[in-house]
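no sequence on hand, only this structure:
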C-alpha cells in the first residue's frame, strides 16, 4: 500500500507561513480572546511575540495589575 500525498485542491494555510500578527503599539487598547474587557498595551516584545497589558480604564483603588500575554491572545477592540 502506497502513501499518496495530494498537493492540488488543498485549502488552508501552510505550516511554513508565519502566524498572522496585529500591529500593536504601547498605549493601544485591545481585547483579550479570553475576556470581555478592554485592556491597554503597556509594552511590546515583538521578538518574542509577547506584550504586557492592564485592564482599561485603570481601577480606582490600587490601579490595574500588569500581566504578560501572547500576542495571539489579543485582538483589536471591537467596534
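Good, I have the coordinates. Note that the coordinates shown come from a computational prediction; the quantities given were computed from them, not determined experimentally.

can you tell me which residues contact residue 75?
By CB atoms under 8 Å, 6 or more residues apart in numbering, the contact set of residue 75 is 22, 30-33. C-betas here are computed from N, CA, C, even on glycine.

what's the closest of those residues to residue 59?
Minimum distance to residue 59 across the contacts of residue 75 is 16.2 Å, recorded for residue 32 (CB to CB).

and the closest one, how far is that from residue 61?
Counting by CB to CB, to the nearest Å, the separation of residue 32 from residue 61 is 22 Å.

what do you get for residue 54?
Taken as CB to CB, the span from residue 54 to residue 61 is 14 Å.

and the two? Which one has more around it.
Higher neighbour count among residue 54 and residue 61: residue 54, with 16 against 4, using other CB atoms under 10 Å.

doesn't that one belong to a strand?
Yes - per DSSP: H, G, I helix; E, B strand; the rest coil, residue 54 lies within a strand segment.

surely it touches residue 66?
Yes - the criterion here is CB atoms under 8 Å, and residue 54 meets it with residue 66 at 4.7 Å.

what do those two both touch?
Between them, residue 54 and residue 66 share these contacting residues under CB under 8 Å, 6+ apart: residue 42.

the longest strand belonging to the chain pairs with which strands, and in what direction?
As assigned by DSSP state E, the longest strand anywhere in the chain is strand 35-45. Applying DSSP bridges, strand 35-45 is found paired with strand 29-32 (antiparallel), strand 50-56 (antiparallel).

any idea of the pLDDT on the residue nearest to residue 28 when sequence neighbours are not counted?
Among residues not flanking residue 28 along the chain, residue 41 sits closest, at 4.6 Å (CB to CB, 6 or more residues apart in numbering). On pLDDT, residue 41 comes in at 97.
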